[in-house]
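S.K.: sequence first, predicted model second:
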Amino acid sequence: MGRRIFLVALVLLSAAAALGCYPVLRKEAQQPEEALRRVHLFFPAFRDDMDRDSLTLALRRNLEYLGRLPRETTFHYGPHVFTLQQVRESQETFLNLLSKGLDDEELTEELTQKFRVYRATGRVGKKRVLFTGYYQPTYEGSLDPDETFRYPLYRAPDDLIRIDLSLFREKFKGETIVGRIEGKMILPYYSRYEIETERVLDGRGLEIAWLKDPLDVAFLHIQGSGRLKLPDGKDLLVQYQASNGRPYRSVGRYMIDNGFLSREEMSMQAIRRYLTENPEVLDEVLNHNPSYVFFRQVKDGPLGSLGILLTPGRSIALDSGVFPKGALGFISSRKPLVNDQGEIIGWSEFSRFVLNQDSGGAIKGAGRADLFWGSGPYAEVAAGHLQQDGDLYILIKKP
């Protein structure tokens, strides 16, 4: 009897570990091995709610990125290290599986047999990942300022410098700072307040275009890319180029903490509506975030931080400090159901394969993921309202 009890307990403990019943994170994940844990049993059902053509496209773009890397490049998947060749072969194998026309059950069986699956450890104090969204907005703009178009988008200034701290101390490996040189001192680069309110960059010819609304500029900073409709009917694509290196502070959190909006009503659309109706607090709210983004003009976009085109619904932004760049992933969460008037009428479960092809100033740690929705009305609603818990898995073929 004692031996039987021991065996039952052992099975239960093994199952608990496989289900992810490991201790929750007590502090922010600082290393890759803290961000991912390997799944040995109870794999997710790899059901995908999107078309496979978009997944194939995202994978081919990803392979272009991998093809540009030095052959000696390695990637950390949790506590394990894989070579560039292993990652490429893994994604080529996955592409081959897609070409066979397998249904979800058949694909799940193939993946659980041939691939290692890692699960993100999630946020501090929890075991799940918070999913948010971003999209490519379209705003009216002009190449010349006037009474209507008064709010500039800047390109990166020449005095903006990035310093690799590992050149000074080995313990700072992987860490950089952004600043400017003044005399014999290196100072933090100008804050949003200094750039937007004190206009310290005026007269330097850094303007790419001008917009009608300061909120359009602010939301472009958050989204990282956008399409500008010019008066002559042409489009101008702009893309993130650099930031001032200041820490990102959430204006949404500031508005909740100061009673401007409740947690329940918080969304990108609610922020815009409140600040449009209450312009007297606009500068206070926006300048709470000292981070500032500089742009460049591009022919195609949007581009992620890997330098490849993002694929709507398939590209995600993760913290590249703890998750492998260009990794094949699988996510499950909830997405909004929207009627013809653009109103959310409910939420539904979804899951799909994704690629880690971007990063973001607010996307830090093992418990945050940002899903790129593309452009258009639904993308705007989904990106503006998505704040849902879910699960994130990373896959790579077994050696």
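M.R.: Happy to help now that I have it.
S.K.: tell me how many other residues surround the closest residue to residue 102 other than its chain neighbours.
M.R.: The shortest distance from residue 102 to any non-neighbouring residue, by CB to CB, 6 or more residues apart in numbering, is to residue 110 (6.6 Å). In this view, the C-beta of every residue, glycine as well, is placed from N, C-alpha and C. Neighbours of residue 110 under the rule other CB atoms under 10 Å: 16.
S.K.: please apply the same query to residue 259.
M.R.: Residue 259 has 7 neighbours, counted by other CB under 10 Å.
S.K.: roughly how far does it sit from residue 366?
M.R.: Per CB to CB, to the nearest Å, residue 259 is found 31 Å from residue 366.
S.K.: same check, this time on residue 233
M.R.: Taken as CB to CB, the span from residue 233 to residue 366 is 46 Å.
S.K.: tell me which stretches of the stretch 151-300 of the chain form helices.
M.R.: Taking DSSP state H, counting those that start in this stretch, the helices of the stretch 151-300 of the chain run over residues 192-196, 214-223, 251-257, 268-277, 282-286.
S.K.: what do you get for the stretch 1-150 of the chain?
M.R.: Ranges of helices in the stretch 1-150 of the chain, per DSSP H, counting those that start in this stretch, are 2-18, 32-35, 52-67, 84-99, 104-114.
S.K.: return the most buried member of these.
M.R.: Between these, helix 32-35 has the highest mean count of neighbours, a mean of 20, where neighbours are mean count of other CB atoms under 10 Å.
S.K.: just the residues contacting it, thanks.
M.R.: Contacts of helix 32-35 from elsewhere in the structure, counted by CB atoms under 8 Å, 6 or more residues apart in numbering, are 25, 29, 76-79, 120-121, 319, 322-324, 365-366.
S.K.: can you tell me which of those residues is closest to residue 250?
M.R.: residue 365 (14.1 Å; CB to CB).
S.K.: isn't the closest one up against residue 124?
M.R.: Yes. With contact defined as CB atoms under 8 Å, residue 365 reaches residue 124; the gap is 7.4 Å.
S.K.: higher neighbour count, these two?
M.R.: The neighbour count for residue 365 versus residue 124, taken as other CB under 10 Å, is higher for residue 365 (24 against 14).
S.K.: now the more buried one, nearest residue through space, not along the chain?
M.R.: Residue 365 sits nearest to residue 28 (CB to CB, 6+ apart), 4.8 Å away.
S.K.: from residue 155, how far off is the one you found?
M.R.: Counting by CB to CB, the gap between residue 28 and residue 155 amounts to 33 Å.
S.K.: and what of residue 72?
M.R.: Spatial separation of residue 72 from residue 155 under the definition CB to CB is 34 Å.
S.K.: ok, those two, which is more surrounded?
M.R.: Neighbour totals were compared for residue 72 and residue 155, and residue 155 leads with 18 against 7 (other CB under 10 Å).
S.K.: need the contact list for the more buried one.
M.R.: If a contact means CB under 8 Å, 6+ apart, then residue 155 has 206, 207, 208, 241, 294, 295, 296 as its contacts.
S.K.: closest to residue 378 out of those?
M.R.: Within the contacts of residue 155, distances to residue 378 taken as CB to CB reach their minimum at residue 295, with 24.9 Å.
S.K.: need the phi and psi values for the residue minimising distance to the centre of the chain.
M.R.: Among the residues of the chain, the smallest C-alpha distance to the mean C-alpha position (CA atoms, centre = their mean) belongs to residue 317, namely 2.4 Å. Summarising the backbone geometry of residue 317 under the convention degrees, to the nearest 10, its torsions are phi -110, psi 130.
S.K.: which residues are in contact with it?
M.R.: Residues touching residue 317, when contacts are defined by CB under 8 Å, 6+ apart, comprise 134, 304, 305, 356, 357, 358, 359, 360, 363, 369, 370, 372.
S.K.: sitting in strands, which of those residues do you find?
M.R.: With strands taken from DSSP state E, the overlap with the contacts of residue 317 comprises 134, 356, 357, 358, 369, 370, 372.
S.K.: is the second one in a bridge, and if so with what?
M.R.: With DSSP bridges applied, the residues forming beta bridges to residue 356 are residue 316.
S.K.: can you pull the pLDDT of it?
M.R.: According to the prediction, residue 356 has pLDDT 98.
S.K.: correct me if wrong: it contacts residue 323.
M.R.: Yes. A contact is recorded between residue 356 and residue 323 when judged using CB under 8 Å, the distance being 5.8 Å.
S.K.: shared neighbours of those two, anything?
M.R.: Among the neighbours of residue 356, those also in contact with residue 323 (CB under 8 Å, 6+ apart) are residue 394.
S.K.: neighbour count for these two, which is higher?
M.R.: residue 323 (30 against 25).
S.K.: can you give me phi and psi for the more buried one?
M.R.: For residue 323, the backbone dihedrals (degrees, to the nearest 10) come out as phi -110, psi 150.
S.K.: contacting residues for it?
M.R.: For residue 323, the contacting residues are 32, 35, 36, 120, 356, 366, 394, by CB under 8 Å, 6+ apart.
S.K.: how many residues are close by the third one?
M.R.: For residue 36, the neighbour count with other CB under 10 Å is 26.
S.K.: tell me what it is bridged to.
M.R.: Applying DSSP bridges to residue 36 gives these bridge partners: residue 120.
S.K.: I'd like the numbering to begin with 53 instead of 1 from here.
M.R.: Yes, from this point I'll number from 53; that puts the last item at residue 88.
S.K.: I'd guessed it sits against residue 130; true?
M.R.: Yes. With contact defined as CB under 8 Å, residue 88 and residue 130 form a contacting pair (3.4 Å).
S.K.: find residues that contact each of the two.
M.R.: If you check residue 88 and residue 130 against CB under 8 Å, 6+ apart, the residues they both contact are 170, 446.
S.K.: what's the neighbour count on residue 320?
M.R.: A count of neighbours around residue 320, defined by other CB under 10 Å, yields 22.
S.K.: quick one: low-confidence parts of this protein?
M.R.: Residues of the chain that meet the criterion pLDDT under 70 lie in 53-79.
S.K.: break it down into its structural domains.
M.R.: The chain resolves into domains spanning 76-185+358-449, 196-349 when parsed by automatic domain parsing.
S.K.: deepest-packed of those domains, please.
M.R.: Each of those was given a mean neighbour count from mean count of other CB under 10 Å, and the largest, a mean of 18, is that of domain 76-185+358-449.
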